[in-house]
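**Student:** Show me the folded form of this:
(one chain, ligands or ions: 1)
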Amino acid sequence: MKVYIIGAGPGDPELITKKGARLISECPIVLYTGSLVPVEVLNTAAPDAKVLDSAGMTLDDIVDIFLEAQKNDQDVARVHTGDPAIYGSTAEQMRRLREHGIEYEIVPGVSSFAASAAALGKELTLPELSQTIIVTRMEGRTPMPEGEKLADLARHQSTMVLFLSITLVKQVVRELAPVYGEDCPVAIVYKASMPEQRIIEGTLADIEEKWKAAGIKSQSIIIVGRVLTSEDFADSRLYAADFHHKFRPAAPRTPNQ
Ligand code: SAH
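**Tutor:** Residues are numbered from 1 along each chain as shown. All right, here's what the predicted structure looks like:
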């Protein structure tokens, strides 16, 4: 018996991995985070599988399902949104699984921040502009560890991706504008990859107003950084004509070159 902790991807049923979809089809118990994972993502589940939504459950309720499955020697597909390694509350479940001697395996997924960049049609790392992505959140009910306050992270002026912060746009702007500059581009992607997907683009000066007008209050990623609008970034070395590497060695020289 094993628990498969599966990244469901950002919502589009075609963005789950083949392995994730296969395991969902093979597990007699499918437990998914219904608050974020659309049921269509579970369309490979067997007709007789027990499909349960964990949205209304406590950690103990979830562990009870694992224990019951252990007793019956049934595999469980534990399906989480995006990638399980990012704000998934998966670590506490895995700790319980270890305590109970239940084997588990993680199957990665497409994080919603990658789907948001895709929706925007952007690369988040550009040569000489930003080579770092800070993935973080605004402080909410979960306090931020010392040294990870937004103002501390802003110092780097790297591309910044904020999860779980869509109701706190005002605070995000207040913390970032003094460092990134009011003219720094910002994008909000609501329900990336889903039919309801919406995009709001602006700057730190006007994003709050645009966000309020849009009335978006959930399931969104905020991306801040000059990479969003820059057109004058340097070309990468990877495809530079004068740069050679293992996969594109220098052409053999002719004798009189
Ligand atoms: N593990 C997930 C994140 C779970 S935390 C991942 O890798 O994507 C939940 C937060 O993820 C939401 O508050 C929102 O910030 C973001 N989120 C999840 N799905 C999203 C989607 N389709 N579009 C935009 N943001 C999304």
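**Student:** Tell me where the stretch 51-200 of the chain has strands.
**Tutor:** Using DSSP state E, counting those that start in this stretch, the strands of the stretch 51-200 of the chain run over 76-80, 103-107, 133-137, 159-163, 185-190, 198-203.
**Student:** Closest residue of the chain to the ligand?
**Tutor:** Relative to the ligand, the nearest point of the chain is Gly82 (2.0 Å; CB to the nearest ligand atom). All C-beta spots, glycine's among them, are computed from the backbone N, C-alpha and C.
**Student:** hmm, back to that, ok, and which of the strands of the stretch 51-200 of the chain has the densest surroundings?
**Tutor:** For the strands of the stretch 51-200 of the chain, the largest average neighbour count (mean count of other CB atoms under 10 Å) is found in strand 76-80, namely a mean of 28.
**Student:** who's in contact with it?
**Tutor:** Around strand 76-80, the neighbours that count as contacts under CB atoms under 8 Å, 6 or more residues apart in numbering are 2-8, 20, 23-24, 26-27, 29-33, 37, 41-42, 45, 65-66, 69, 88, 90, 93, 109.
**Student:** repeat that with 6 Å
**Tutor:** Outside strand 76-80, the residues that touch it by CB atoms under 6 Å, 6 or more residues apart in numbering are 3-6, 8, 23-24, 27, 29-33, 37, 69, 88.
**Student:** by how many degrees do it and strand 103-107 diverge?
**Tutor:** 40 degrees (axes from the mean of the first three to the mean of the last three CA atoms, to 10 degrees).
**Student:** Pull the CA coordinates from strand 76-80 and hand them back as CSV.
**Tutor:** Written as CSV, here are the backbone C-alpha positions of strand 76-80 (Å, rounded to 0.1, in the frame of the first residue of the first chain):
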residue,chain,number,x,y,z
VAL,A,76,-4.3,6.3,-2.4
ALA,A,77,-3.9,9.1,-5.0
ARG,A,78,-3.6,12.3,-2.9
VAL,A,79,-4.1,15.0,-5.5
HIS,A,80,-2.9,18.5,-4.8
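**Student:** Could you report the neighbour count for Ser116?
**Tutor:** Using other CB atoms under 10 Å, the number of residues around Ser116 comes to 27.
**Student:** what do you get for the one 4 residues further on?
**Tutor:** Neighbourhood size, Leu120 [other CB under 10 Å]: 18.
**Student:** Distance check, Lys210 against Ile216.
**Tutor:** Distance of Lys210 to Ile216, given as CB to CB, to the nearest Å: 10 Å.
**Student:** Looking at these two, which is more packed in?
**Tutor:** Legend: neighbour count by other CB under 10 Å for Lys210 and Ile216, higher for Ile216 (19 against 16).
**Student:** doesn't that one fall inside a helix?
**Tutor:** No - applying DSSP: H, G, I helix; E, B strand; the rest coil, one finds Ile216 to be coil, outside a helix.
**Student:** Name the nearest residue to Leu204, sequence neighbours excluded.
**Tutor:** Counting by CB to CB, 6 or more residues apart in numbering, Leu204 lies nearest to Ala177, which is 4.4 Å off, once chain neighbours are set aside.
**Student:** Looking at the contacts of strand 76-80, which are in helices?
**Tutor:** Counting by DSSP state H, the contacts of strand 76-80 place Leu23, Ile24, Ala69 in helices.
**Student:** Tell me what the residue nearest to the last one when sequence neighbours are not counted is bridged to.
**Tutor:** Same thing as Ala69. Nearest in space to Ala69, with sequence neighbours left out and distances taken as CB to CB, 6+ apart, is Val76 at 4.9 Å. Residues in a beta bridge with Val76, per DSSP bridges, are Val3, Ile29.
**Student:** repeat for Pro185
**Tutor:** Thr203.
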